[in-house]
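Chemist: Starting from these lines, generate the structure:
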Amino acid sequence: MPVFPLDPPTSPAPKSVRFNAQSVVSASRSPFTGQRQVYVFPANWWQIQVTLPPMKRPEAEPWIAFLTSLNGMEGTFNMGDPLGKNPRGLGGGAPRIAGAGQASTFLQLDGWTPSRNVLKTGDWLQIETGLYKVYAEGAGNVNSDASGHTNCWIWPRLKRPPPDNTPVLYTNTVGVFRLDSNSNGWDWSEPALAAGLTFTASEAF
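Modeler: Got it, this is the predicted structure:
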């Protein structure tokens, strides 16, 4: 039995990885005034669509084995943004959660290199098994103070309150995902007998 979460094959790399931000928000419009009320629920998560390039059998079989070993929606795997492996900010230090009980989209961290532009809007953070995108106000910079402390906004909201001093990763970040379907396959096409393979998955939490 595989030990989950699995790491996907590294070669060939996906041709494309689409990230979809999934939110649970409902809205109703008054038939009398036309005003709309919006109801925001706390659930939000990432969904990904992964498309592999055309592959001959020697390249395709590791990906096929990876997908089938997940056994549909039973198993989980690690996946990150191929374009976001390194932050646009300078990073530095060993950031960690600053204070227990955080459970929203506002994040307090410490342990950064002091007095530095550590992150920029759009950078990724990994906290436990969750993947989060950073949003900063003003110029889009997240700067550490003289003590190495920062505040920033993230999406999605924290899945659960991480313990104080939980390590926070900002390079090579990944989240844990689960396939969206129990039926996942591939096809062989002429004239080159190349495999076509696409799958979708959502954050596992």
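
Chemist: C-alpha only now, for contacts and for neighbours.
Modeler: OK.

Chemist: Tell me, how many residues neighbour D187?
Modeler: 10 (other C-alpha atoms under 10 Å).

Chemist: What's opposite it in the beta bridge?
Modeler: On the basis of DSSP bridges, D187 is bridged to G196.

Chemist: same check, this time on T51
Modeler: Assessed by DSSP bridges, T51 has beta-bridge partners S16, T198.

Chemist: now it: how far from W63?
Modeler: Remark: distance between T51 and W63 (C-alpha to C-alpha, to the nearest Å) = 11 Å.

Chemist: S23 now?
Modeler: 30 Å.

Chemist: Read off the pLDDT value for the closest residue to G185 other than its chain neighbours.
Modeler: Of all residues not flanking G185 in the chain, L197 sits nearest, at 7.1 Å (C-alpha to C-alpha, 6 or more residues apart in numbering). pLDDT recorded at L197 is 90.

Chemist: measure L197 to A13 for me?
Modeler: Distance from L197 to A13, by C-alpha to C-alpha: 12 Å.

Chemist: Those two: which has the busier surroundings?
Modeler: Taking neighbours as other C-alpha under 10 Å, L197 and A13 compare with L197 leading, 21 against 13.

Chemist: tell me the contacts of that one?
Modeler: Residues counted as contacts of L197 (C-alpha atoms under 8 Å, 6 or more residues apart in numbering) are T51, L52, P53, P54, G185, W186, D187.

Chemist: Quick check: phi and psi on E59?
Modeler: The phi/psi pair for E59 (degrees, to the nearest 10) reads phi -80, psi -30.

Chemist: OK, contacts around it?
Modeler: Residues counted as contacts of E59 (C-alpha under 8 Å, 6+ apart) are S11, P12.

Chemist: With neighbour numbers in mind, choose between S23 and W63.
Modeler: Between S23 and W63, W63 has the larger neighbour count (other C-alpha under 10 Å), namely 20 against 14.

Chemist: Am I right that that one is in a strand?
Modeler: No. W63 is assigned helix when assessed by DSSP: H, G, I helix; E, B strand; the rest coil, not a strand.

Chemist: T10 versus that one, what's the distance?
Modeler: Remark: distance between W63 and T10 (C-alpha to C-alpha) = 9 Å.

Chemist: domains of this structure?
Modeler: The chain breaks down by automatic domain parsing into domains covering 16-80+177-203, 84-169.

Chemist: can you give me the mean pLDDT across the last one?
Modeler: So that's domain 84-169. 95.

Chemist: and the end-to-end length of that domain?
Modeler: 12 Å.

Chemist: Skipping its backbone neighbours, what lies nearest the residue nearest to the spatial centre of the chain in space?
Modeler: Geometric centre of the chain, nearest residue: L131, 3.7 Å, by C-alpha atoms, centre = their mean. Closest residue in space to L131, ignoring its immediate chain neighbours: G175 at 4.8 Å, by C-alpha to C-alpha, 6+ apart.

Chemist: before we move on, what about R178?
Modeler: T76 (4.8 Å).
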